[in-house]
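Chemist: Quick one, structure for this:
(2 chains)
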Amino acid sequence: MISAILSLAFFAQVLRIAVPYALAAMGGSITERSGVIDLAIESKLLFGAFFAAAVAHATGSAYAGIGGGMLAGAVVAAIQIWCCLRLGANQVLVGVALNLVALGGTRFLLQLIYHEGANSPPVAGFGNAVGTNPLVWLAIACAIALPVAIKRTRWGLRLRAAGDRPDALVSVGVSPTRARLAAALVGGAIAGAGGAQLSLSVGGFVADMSGGRGYIALAMVILSGWRPLYAALACAGIAVADAINIQLQVASIGIPHELAQLVAPALTLLVLIIGGGAHGRSPSALGKQ
Amino acid sequence: MIVTFVRARAVESRRTAALAVVVSLLISIAIGSVLMLAAGKSPAYVWSEMALRTFGDPYLLGQMLYKTTGLIFTGLAVSLALDAGLFNIGVEGQVTAGVVGASLVGAALPPSTPPIVAVPLCLLAAAAFAGCVGYATGVLRVYRGAHEVITGFMLNAIIAGVALWLGNEFLFQNGSTRGPAIVPGARLPQLGFGGSAVNASLFLAILVAVAMWWIRSQTTWGRTWRAIGSEPTTARTVGIDVQHTQILAMVGSAALAGLSASNFVLGHKHAFEEGLGRGVGFLGIAAALLGRLNPLAIIAGALLFGFLSSGGLAVADIVPKELTEMLQGVVVLVVAVIMVWLPTRGVRVPTKGAP
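Modeler: Residues are numbered from 1 along each chain as shown, chains lettered A, B, ... in the order given. You can find the predicted model right below:
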């Protein structure tokens, strides 16, 4: 058991599980830092997973699939920003509504395009390989580059200003809405890439395959104080727990499988109980129009 | 003078609310029609078939009312929490908790228990099981600052898993996914409708809606829970214990969700079954929003979504049933956007301490 955990295969498994969580959380922290409540992460993951599989199926290229997934995530983010900021709708409601649309919408598209109830046809994916999976490298690159981009680039400065002092942004002639859109599109594309990992790593889309990962990712965003690197590390923690759990199942030491699959939500809830809300200052304009 | 002014404003905002609902419906119908065109079918044909089949067949009409009954409970649950400024997305799990509670107690009673004892006991168990979940969510929100949407979603996953484990380990009989049956005294009578699932729980749902309308608009309790939702600062100033009231509202909301077990367990399945009541929680959000947070209008909202989900099944041979599933999400989105029109009576989901 211990040797199974300390093996290289286990490490690879953790990475594979962590990538969708981590990309979703990093995308979410970008969007939230710009001042928009991002409850629609789940929707971006699910549509990202579907369109990654659909594009990979149509073109035969998993790389094109990644592009499809990221584009889908960005489109969901654009709709979210349009509803929340242009039309002024409540950000929490819009997020939950978009998640419901994704749940029914991906099933509808499955039926419409492939005449299937729950699974897309098999597509070219990355399988279990880690070193050759570009999404693993994308996640690592994002974890390193995003904190720098937020701190050092014009895009990052505007994003932080939109989240903390939108009035200051207005006074230098930049529209906070535009800065938030710029942030949310990037955040949406990153979350969409997380969705792409979900479907491309198992070689096809399965209905409801995001399974609440978006909500868990958002909890990690808040706990990590809206810092993308820490959010990604927190997600890696969830992934370690999930992977250990899979090892325990393989070793079959008698934990019922219905309970074993609750490790991620239970751990998240536990962290929320112990840690409470945010660790770090929340963007002060978060959730305001 | 002031009274007249206030009344005039109330009428005005009621008109705006009605207009907002009508516009939301028109936009939703338009989007639904586009989806039908995408599926290669004539929208006029699909819509009319949906209505003709549902209302022309007593069985399908009964199935629609069965769905509506569950949605009235969950719609009321969501709206009670929203009134108090909380977004109870955990209704889905609370329904499951209620189903487990009602079926456990219903099966444990002595076989000869008369209905007058058995039914209230089962309802109490359903409300209590679900209420505990609501209490946990409320306490986490108030004392730990954990947003109720996230904890609610985690609890949904955990409750679904634990219920399945309970079933597999202890309850399900002979390899089925059905637990022991509840005693005859705890069963609510069916209402006919061609042998469909609709049952006396429908009257309970309407009764609860009327009771909630009365409490909400005529009593101090109602005033209090609405005050902490719409004007938390003022509420605190006039001496309302906001935290305490928030927890109570969450417990009440969850208990209402749990009562939907009367429809699923007492009225229809008479036992705990895997997946019983699934999906009714999320649709409750839709019914509550469309009902504009007025308990009586929620009945109308529940009817509409009951129609959409059973109508979607009725025309499943023409368009995929997933179309109406997607449409239900679209309606929530449209209503969320259109609600902005309502000047002050719009739902304020508080963004303070938000994710």
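Chemist: For stretch A:133-145, the averaged confidence score.
Modeler: The pLDDT scores in stretch A:133-145 average 94.
Chemist: can you check stretch B:45-61 too?
Modeler: In this model, stretch B:45-61 carries a mean pLDDT of 93.
Chemist: Repeat that for stretch A:268-279.
Modeler: Stretch A:268-279 shows a mean pLDDT of 78.
Chemist: Helices of the chain, residue ranges please.
Modeler: Chain wasn't specified; assuming chain A. For chain A, the helices defined by DSSP state H cover A:2-5, A:8-33, A:41-59, A:62-81, A:91-109, A:134-152, A:154-164, A:166-171, A:176-200, A:213-223, A:228-251, A:257-260, A:263-275.
Chemist: actually chain B
Modeler: Using DSSP H, helices in chain B cover B:2-38, B:43-56, B:58-83, B:91-108, B:115-144, B:148-166, B:201-218, B:220-230, B:232-237, B:242-259, B:261, B:280-290, B:295-314, B:322-338.
Chemist: deepest of the ones you listed, which one?
Modeler: Ranked by mean neighbour count, the helices of chain B are led by helix B:261 with a mean of 35 (mean count of other CB atoms under 10 Å in any protein chain shown). No exception for glycine: its C-beta is placed from N, CA and C like everyone else's.
Chemist: Would you mind listing the outside residues contacting that one?
Modeler: Helix B:261 is contacted from outside by B:95, B:98-99, B:101-103, B:122-123, B:126, B:277, using CB atoms under 8 Å, 6 or more residues apart in numbering or on different chains.
Chemist: that older thread, which among the helices of chain A is found nearest to B:Gly194?
Modeler: Nearest to B:Gly194 among those is helix A:91-109; the distance by CB to CB comes to 28.1 Å.
Chemist: what helices or strands is that closest one leaning on?
Modeler: Packing contacts for helix A:91-109, counted by 3 or more CB pairs under 8 Å, 6 or more residues apart in numbering or on different chains; DSSP states H and E, involve helix A:41-59, helix A:62-81, helix B:280-290, helix B:322-338.
Chemist: Just the CA atoms of the longest one, as CSV, please.
Modeler: Okay, so that is helix A:62-81. Output of helix A:62-81 as CSV, limited to C-alpha atoms (Å, rounded to 0.1, in the frame of the first residue of the first chain):
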residue,chain,number,x,y,z
ALA,A,62,-6.8,15.9,-29.6
TYR,A,63,-4.9,19.2,-29.8
ALA,A,64,-7.8,20.7,-31.8
GLY,A,65,-10.0,19.3,-29.1
ILE,A,66,-8.2,21.4,-26.5
GLY,A,67,-8.8,24.5,-28.6
GLY,A,68,-12.5,23.6,-28.8
GLY,A,69,-12.8,23.2,-25.0
MET,A,70,-11.0,26.5,-24.3
LEU,A,71,-13.2,28.3,-26.8
ALA,A,72,-16.3,26.8,-25.2
GLY,A,73,-15.2,28.0,-21.8
ALA,A,74,-14.5,31.5,-23.1
VAL,A,75,-18.0,31.6,-24.8
VAL,A,76,-19.7,30.6,-21.5
ALA,A,77,-17.7,33.3,-19.7
ALA,A,78,-18.7,35.9,-22.4
ILE,A,79,-22.4,35.0,-21.8
GLN,A,80,-21.9,35.2,-18.1
ILE,A,81,-20.3,38.7,-18.3
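Chemist: helices or strands up against that helix?
Modeler: For helix A:62-81, the elements it packs on are helix A:41-59, helix A:91-109, helix A:134-152, helix A:176-200, judged by 3+ CB pairs under 8 Å, 6+ apart.
Chemist: What of the shortest one?
Modeler: Helices and strands touching helix B:280-290, by 3+ CB pairs under 8 Å, 6+ apart, are helix A:91-109, helix B:58-83, helix B:91-108, helix B:295-314, helix B:322-338.
Chemist: Quickly check: the third one near chain A or not.
Modeler: No. Taking CB under 8 Å from any CB of the partner chain as the criterion, helix B:91-108 and chain A are apart, separated by no less than 10.5 Å.
Chemist: for the helices and strands packed on helix B:280-290, which one sits closest to A:Asn133?
Modeler: helix A:91-109 (22.7 Å).
Chemist: For chain A, which residues score under the pLDDT cut-off?
Modeler: For chain A, the stretches with pLDDT under 70 are A:1-5, A:276-280, A:289.
Chemist: Now the stretch 51-200 of chain B against chain A: closest residue?
Modeler: B:Gly145 (3.1 Å; CB to the nearest CB).
Chemist: neighbours of that residue, just the number please.
Modeler: 14 (other CB atoms under 10 Å in any protein chain shown).
Chemist: ok, now A:Ser43?
Modeler: The number of residues packed near A:Ser43 is 35, by other CB under 10 Å.
Chemist: Do I have it right that it meets A:Val101?
Modeler: Yes. Counting by CB atoms under 8 Å, A:Ser43 touches A:Val101, with 6.7 Å between them.
Chemist: mind checking which of the helices and strands packed on helix A:91-109 is nearest A:Ala217?
Modeler: Per CB to CB, nearest to A:Ala217 of the helices and strands packed on helix A:91-109: helix A:41-59, 5.5 Å.
Chemist: rewinding a little: minimum distance to A:Ala74: which of the helices and strands packed on helix B:280-290 has it?
Modeler: Relative to A:Ala74, the nearest member of the helices and strands packed on helix B:280-290 by CB to CB is helix A:91-109, separated by 13.4 Å.
Chemist: Can you check what angle separates the closest one from helix A:62-81?
Modeler: 140 degrees (axes from the mean of the first three to the mean of the last three CA atoms, to 10 degrees).
Chemist: Please state the offset of helix A:91-109 from the chain centre?
Modeler: 15 Å (CA atoms, centre = their mean, to the nearest Å).
Chemist: picking up where we left off before, compare the helices of chain A and report which one is nearest to B:Ala271.
Modeler: Here helix A:257-260 is closest among the helices of chain A (CB to CB), at 18.7 Å.
Chemist: about what we covered before: could you dump the helices of chain B into JSON lines with distance to A:Gly117 added?
Modeler: JSON lines is the format used below for the helices of chain B (distance: least, CB to CB, whole Å):
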{"stretch": "helix B:2-38", "distance to A:Gly117": "17"}
{"stretch": "helix B:43-56", "distance to A:Gly117": "20"}
{"stretch": "helix B:58-83", "distance to A:Gly117": "21"}
{"stretch": "helix B:91-108", "distance to A:Gly117": "21"}
{"stretch": "helix B:115-144", "distance to A:Gly117": "31"}
{"stretch": "helix B:148-166", "distance to A:Gly117": "20"}
{"stretch": "helix B:201-218", "distance to A:Gly117": "30"}
{"stretch": "helix B:220-230", "distance to A:Gly117": "40"}
{"stretch": "helix B:232-237", "distance to A:Gly117": "45"}
{"stretch": "helix B:242-259", "distance to A:Gly117": "28"}
{"stretch": "helix B:261", "distance to A:Gly117": "28"}
{"stretch": "helix B:280-290", "distance to A:Gly117": "19"}
{"stretch": "helix B:295-314", "distance to A:Gly117": "14"}
{"stretch": "helix B:322-338", "distance to A:Gly117": "8"}
